[in-house]
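*Asks:* Predicted model follows, preceded by the sequence.
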Amino acid sequence: MPVNIPHDLPARATLEAENIFVMSDDQASHQDIRPLKIAILNLMPLKVTTETQLMRMLGSTSLQVEVTLLRTSSHQSRNTPSEHLEAFYRTFEDIEDEYFDGLVITGAPIEKLPFEDVDYWPEMTKILDWSRKHVYSTLHICWGAQAALYHQYGVDKFELPGKNFGVFNHRVIDPSAKLVRGFDEEFAAPHSRHTDVDAGDIEATGKINVLALSDEAGVFLAATPDARQVFVMGHPEYDRDTLELEYRRDVDAGDHIIMPKHYFPNDDPDKEPIIRWRGHGYLLYGNWLNYCVYQETPFDPRSMPIEG
């Protein structure tokens, strides 16, 4: 939450120079407070696992968040019981006339497919277009980020010679960006994908800034200057054993898969992985909720400006 200090206090300039969010009494007096309406479009097969991971991130702040879980109606999930979907999920048709302060679009294990070959691609593009008028800020994850970059900005993905798989060190490119407030200059985060997007192609749009990247794993975080479109290529929400379960699943299936890099202690798969990414995961989601959503979204979501 912001520090509320007098406008003329000498410390204010120092704090602002350090990218600490400060607020004046005048700003605070004009704030209306209500629960944030956040929708999650869950495209992952193991929906309950992904729900838990994302709810952990969204619940790490003092802000009150009201979550709506969404699923695609044009794709039938084979890994989540229909009773769970019927009880807890809504479809786009259910909410297309509603407005949300924030939207999270997850990844999906389909990155090798051309976008147009994904069975729910028409529905996906409809949701992406809808979000620009009905959502203040959208956080796209992994394949969800690649899909939005392709559909909205013409930035295509490319297949990697091997899976980008492990926990990698990243560096902050723009420490003045509100999404990385409080970040260390270097931080760790998991990646797990077969495709990538080039940082130069993202910057070439002239509309998106790369905020953090890894020499090994590529782009981790990018966003439009107003942070209404946020793209996270990694998975700071992952559990301790998420990469391990993926690795053992592929080994058991006989797939040729490399061991996740920088993940198992001493590269020994019999040793329990150490979580080195969760603190910055909490910070990223907290910054998004606070600085990109709560501090910016109008009290009446119906009056939000259309995202250009």
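*Replies:* That came through fine.
*Asks:* so what secondary structure elements neighbour the strand or helix carrying H194?
*Replies:* Assigned by DSSP states H and E, H194 belongs to strand 186-196. Here strand 186-196 touches strand 158-172, strand 209-214, strand 218-223, helix 242-252, helix 278-287, going by 3 or more CB pairs under 8 Å, 6 or more residues apart in numbering; DSSP states H and E. To be clear about C-beta, it is placed using only N, CA and C from the backbone, and glycine gets the same treatment.
*Asks:* Distance of T72 relative to A87?
*Replies:* From T72 over to A87 the distance is 17 Å, taken as CB to CB, to the nearest Å.
*Asks:* A199 and V219 touch, don't they?
*Replies:* Yes - using CB atoms under 8 Å, A199 is in contact with V219, at 5.0 Å.
*Asks:* Pick out whichever of these two has more residues nearby.
*Replies:* Using other CB atoms under 10 Å as the criterion, A199 and V219 rank with V219 on top: 26 against 14.
*Asks:* circling back: let me know the average pLDDT across the strand holding H194.
*Replies:* Averaged across strand 186-196, the pLDDT comes to 97.
*Asks:* what's the angle from it to strand 218-223?
*Replies:* Calculated by axes from the mean of the first three to the mean of the last three CA atoms, to 10 degrees, strand 186-196 forms an angle of 100 degrees with strand 218-223.
*Asks:* So which other helices or strands are in contact with the host helix or strand of T68?
*Replies:* Element membership of T68 [criterion: DSSP H and E] is strand 65-71. Helices and strands touching strand 65-71, as assessed by 3+ CB pairs under 8 Å, 6+ apart, comprise strand 36-41, helix 47-58, strand 89-91, helix 92-95.
*Asks:* Could you dump those into JSON lines and include mean neighbour count?
*Replies:* Converted to JSON lines, the helices and strands packed on strand 65-71 look like this (neighbours: other CB atoms under 10 Å):
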{"stretch": "strand 36-41", "mean neighbour count": "23"}
{"stretch": "helix 47-58", "mean neighbour count": "18"}
{"stretch": "strand 89-91", "mean neighbour count": "17"}
{"stretch": "helix 92-95", "mean neighbour count": "14"}
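*Asks:* Now distance to H194 and mean pLDDT too, for these, in CSV please.
*Replies:* Shown next, in CSV, are the helices and strands packed on strand 65-71 (distance: least, CB to CB, whole Å; pLDDT from 0 to 100):
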stretch, distance to H194, mean pLDDT
strand 36-41, 21, 93
helix 47-58, 19, 89
strand 89-91, 27, 93
helix 92-95, 27, 96
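*Asks:* hang on, the earlier thing: between T72 and A87, tell me which one has more neighbours.
*Replies:* More crowded of T72 and A87, by other CB under 10 Å: T72, with 21 against 9.
*Asks:* That one contacts E123, correct?
*Replies:* Yes - T72 is within contact range of E123, at 5.3 Å (criterion: CB under 8 Å).
*Asks:* Determine the residues that are contacts of both of the two.
*Replies:* F92 (CB atoms under 8 Å, 6 or more residues apart in numbering).
*Asks:* what about T80, how many neighbours?
*Replies:* Other residues lying near T80 total 20 when counted by other CB under 10 Å.
*Asks:* Kindly apply the preceding question to L179 instead.
*Replies:* 24.
*Asks:* Then G107?
*Replies:* 23.
*Asks:* Could you report the distance from Q64 to H134?
*Replies:* Taking CB to CB as the measure, Q64 falls 21 Å from H134.
*Asks:* Could you do L69 as well?
*Replies:* 17 Å.
*Asks:* if I read this right, E98 contacts K133, doesn't it?
*Replies:* No - with contact defined as CB under 8 Å, E98 does not reach K133; the gap is 11.5 Å.
*Asks:* if you count what's nearby, which of these two comes out ahead?
*Replies:* More neighbours surround E98 than the other of E98 and K133, with 15 against 11 (other CB under 10 Å).
*Asks:* which residues does that one contact?
*Replies:* By CB under 8 Å, 6+ apart, the contact set of E98 is K37, H134.
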